[in-house]
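Engineer: coordinates only, sequence not included:
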Ligand code: SF4
Ligand code: SF4
Ligand code: SF4
Ligand code: FES
């Protein structure tokens, strides 16, 4: 049997996505049976030169994880595209920009200064910052430049398949392995653009009981609730959960631990802006039986319980969100 | 868009701001009508879009208005207790307060987004609110149409 040549390339990543692949545990042996890794710098000793040395289109499947944060990330993505027949965006960062894309917030354009000069834990009296080019004892050293925005993979190259999640969960990676197996055996692939995850909302699979009317009197963090009912929908207990607008596929990993979903699988196909949809849904359900008893001031207090709507509702999807287009730096 | 010298001196950065006004058909719509039939004048910068109730306003309407070139978005509805559908305006208030917070986070000046209640008899308030908002927005640069985008540094 011909093995598939697979490359795993990375951008602005925490490498949790690599660990997720290794989390297949003994199943990784099944993977090795059908796959030859021709590039995977995190797991084996590969350099970018090794990827560059391959022929165009020689890689069967190229996985990319992490956002496009630096100029080098973008370059690697483009090389991967050239070398691969099929490119898969792997993980929330590659799919939606993920957590790195939160740095696209307007006042974060100063992020460089904050990180290298101003943060309370920084001691940098000389104001040393990394430069794209420096000379040390006659040798020129270079570093990749930081892009203005951290973006999703498909903003710089054509992407064939999407595997969301932060990181993608083992069952989803198993689906990918199955797809690879069919590809090896029959040469067929799913339709281009397919998202390898569930198609419903997380609520459909989280397994908690939903009362007829979901209503809560305030937004709570799990630690504020004395006794969390392990079977009842978290939202109806006041615990913020992004399940109603989030794609299924994880089986409710967080919700089963009494933690509200943070939306790492991104929105379903029917939702185009994850955060705006969640704001709509969540605010509609606040104490619906007694809503007429509130004054504006009291409602303000309830809303105050969500001090950071952007971080709460766009933790993983800000890079591709509609509201990020309101950002001034979009205009080059 | 060129600003005249006089405008520059008076701090006018956008002589002709465009405001999208979402108003509910009942109280606010009647209030606006009354302003018209009473021959009160209000600025022509306001593009009204009538909806049945403020609760009909999806957060994305607001964002889309900005993306499509509005310099400001104004929402007016019935006072608490007066909503034709009883509680639509309570929902709208909760929803749009959170949207306002989000807009601020992405760098939209809070002056560009307002939510207020106008009853069927409050024609004068309708004139006052729209005029005030237009005047506020004249002092800010155009939001998007000149390619300026957001305005955290205003
Ligand atoms: S998706 Fe999550 S695990 Fe993967 S690189 Fe991004 S932050 Fe890390
Ligand atoms: S809101 Fe959260 S806890 Fe409730 S059903 Fe949906 S996913 Fe489950
Ligand atoms: S519950 Fe939500 S945040 Fe947690 S793993 Fe599933 S999709 Fe991701
Ligand atoms: S009808 Fe006016 S706010 Fe609902």
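Structural biologist: Here it is on my side, so go on. Everything quoted here is computed from the prediction, not taken from an experiment. Ligands and ions are numbered 1, 2, ... in the order given.

Engineer: Name the residues that touch whichever strand or helix holds residue B:135?
Structural biologist: In this assignment (DSSP states H and E), residue B:135 forms part of helix B:123-138. Identification of contacts with helix B:123-138 by Cβ atoms under 8 Å, 6 or more residues apart in numbering or on different chains yields B:12-15, B:17, B:19, B:21, B:28, B:31-32, B:34-35, B:38, B:40-43, B:45-46, B:71-72, B:74, B:76, B:111-112, B:114, B:116, B:118-119. Any C-beta I mention is one placed from the backbone N, CA and C, and that applies to glycine too.

Engineer: do stretch A:287-298 as well
Structural biologist: In contact with stretch A:287-298 (Cβ under 8 Å, 6+ apart) are residues A:213, A:215, A:216, A:217, A:302, B:80, B:81, B:86, B:87, B:90, B:91, B:93.

Engineer: just stretch A:311-319 next, same as before
Structural biologist: With Cβ under 8 Å, 6+ apart, stretch A:311-319 has contacts from A:67, A:92, A:96-102, A:104-105, A:149-152, A:155, A:166, A:240, A:242, A:262-264, A:266-267, A:274-276, A:278-279, A:306, A:310, A:321, A:323-324, B:102.

Engineer: repeat that for 7 Å
Structural biologist: A:67, A:92, A:96-99, A:101-102, A:104, A:150-152, A:166, A:240, A:262-264, A:266-267, A:274-275, A:278-279, A:306, A:310, A:321, A:324 (Cβ atoms under 7 Å, 6 or more residues apart in numbering or on different chains).

Engineer: ok, is it in contact with ligand 1 or not?
Structural biologist: No - residues of stretch A:311-319 are not located near ligand 1 by Cβ under 6 Å from any ligand atom, the shortest gap being 7.5 Å.

Engineer: Show me the helices in chain A, by range?
Structural biologist: A:16-22, A:28-34, A:48-53, A:71-83, A:92-96, A:111-113, A:170-186, A:202-205, A:274-284, A:296-304, A:309-313 (DSSP state H).

Engineer: so is the residue nearest the centre of chain B in a helix, a strand, or just coil?
Structural biologist: Residue closest to the average C-alpha location in chain B (Cα atoms, centre = their mean): residue B:74, at 1.7 Å. Here residue B:74 is strand, with the state taken from DSSP: H, G, I helix; E, B strand; the rest coil.

Engineer: how about the residue lying closest to it once chain neighbours are set aside, what does it touch?
Structural biologist: Spatial nearest neighbour of residue B:74, chain neighbours left out: residue B:21 (4.7 Å); criterion: Cβ to Cβ, 6 or more residues apart in numbering or on different chains. Contacts for residue B:21 (Cβ under 7 Å, 6+ apart) come out as B:46, B:47, B:48, B:49, B:74, B:76.

Engineer: Would you list the phi and psi of residue B:49?
Structural biologist: phi -120, psi 120 (degrees, to the nearest 10).

Engineer: nope, residue B:46 is what I was after
Structural biologist: phi -100, psi 120.

Engineer: Kindly report the residues of chain A close to ligand 1.
Structural biologist: Counting by Cβ under 6 Å from any ligand atom, chain A sits next to ligand 1 at A:13-14, A:16-17, A:65-66, A:91-93, A:98-99, A:166-167.

Engineer: so where do the helices sit in chain B?
Structural biologist: B:5-9, B:27-37, B:59-67, B:88-105, B:123-138.

Engineer: Next one: the residue lying closest to residue A:203 once chain neighbours are set aside relative to residue A:303, how far apart?
Structural biologist: Excluding the flanking residues, the one nearest residue A:203 by Cβ to Cβ, 6+ apart is residue A:243, at 4.6 Å. Distance check for residue A:243 against residue A:303: by Cβ to Cβ, to the nearest Å, it reads 21 Å.

Engineer: Which of the two has more residues huddled nearby?
Structural biologist: Using other Cβ atoms under 10 Å in any protein chain shown as the criterion, residue A:243 and residue A:303 rank with residue A:243 on top: 26 against 21.

Engineer: How about the contacts made by the closest residue to ligand 1 within chain B?
Structural biologist: Going by Cβ to the nearest ligand atom, ligand 1 is nearest to residue B:105 of chain B, at 20.9 Å. By Cβ under 7 Å, 6+ apart, residue B:105 lies in contact with A:105, A:309, A:310.

Engineer: same thing but at 6 Å, please
Structural biologist: Residue B:105 is in contact with residue A:310, counting by Cβ atoms under 6 Å, 6 or more residues apart in numbering or on different chains.

Engineer: how close does it sit to residue A:149?
Structural biologist: Taken as Cβ to Cβ, the span from residue B:105 to residue A:149 is 16 Å.

Engineer: before we move on, what about residue A:305?
Structural biologist: As defined by Cβ to Cβ, residue A:305 lies at a distance of 30 Å from residue A:149.

Engineer: Please say which of those two ends up with more neighbours.
Structural biologist: residue A:149 (20 against 13).

Engineer: right, and that one touches residue A:104 too?
Structural biologist: Yes - judged on Cβ atoms under 6 Å, residue A:149 makes contact with residue A:104 at a distance of 4.8 Å.

Engineer: Residue 104: neighbouring residues, count only.
Structural biologist: All of this is about chain A. Neighbours of residue A:104 (other Cβ under 10 Å): 24.

Engineer: my question was about chain B
Structural biologist: Residue B:104: 16 neighbours (other Cβ under 10 Å).

Engineer: Output the lowest mean pLDDT helix or strand found in chain A.
Structural biologist: Least confident helix or strand, chain A: helix A:111-113 with a mean of 79, by mean pLDDT, DSSP states H and E.

Engineer: Please work out which residues outside that helix touch it.
Structural biologist: residue A:103.

Engineer: What's the mean pLDDT across stretch B:92-102?
Structural biologist: For stretch B:92-102, mean pLDDT is 97.

Engineer: List buried residues within the contacts of stretch A:287-298.
Structural biologist: A:215, A:216, A:302, B:80, B:87, B:90, B:91, B:93 (16 or more other Cβ atoms under 10 Å in any protein chain shown).

Engineer: ok now do the fifth one, which residues does it touch?
Structural biologist: It refers to residue B:87. A:291, A:292.

Engineer: how near is it to ligand 4?
Structural biologist: To ligand 4, residue B:87 is 8 Å away according to Cβ to the nearest ligand atom, to the nearest Å.

Engineer: pLDDT score for that residue?
Structural biologist: 95.

Engineer: Any stretches of the stretch 201-332 of chain A with poor pLDDT?
Structural biologist: A:327-332 (pLDDT under 70).

Engineer: which parts of it sit against chain B?
Structural biologist: Residues of the stretch 201-332 of chain A lying close to chain B by Cβ under 6 Å from any Cβ of the partner chain are A:276, A:279-280, A:283-284, A:286, A:291-292, A:299, A:303, A:309-310, A:322-323, A:325-328, A:330-331.

Engineer: Check what pLDDT the residue nearest to the centre of chain B gets.
Structural biologist: So, for residue B:74, pLDDT stands at 98.

Engineer: related to what we said a few turns ago, could you tell me which of the contacts of helix B:123-138 count as buried?
Structural biologist: B:12-14, B:17, B:19, B:21, B:28, B:31-32, B:34-35, B:42-43, B:45-46, B:71-72, B:74, B:76, B:111-112, B:114, B:116, B:118-119.

Engineer: what's around residue A:90, how many residues?
Structural biologist: Residue A:90: 33 neighbours (other Cβ under 10 Å).

Engineer: if I look at it, how far off is residue A:267?
Structural biologist: Counting by Cβ to Cβ, the gap from residue A:90 to residue A:267 is 18 Å.
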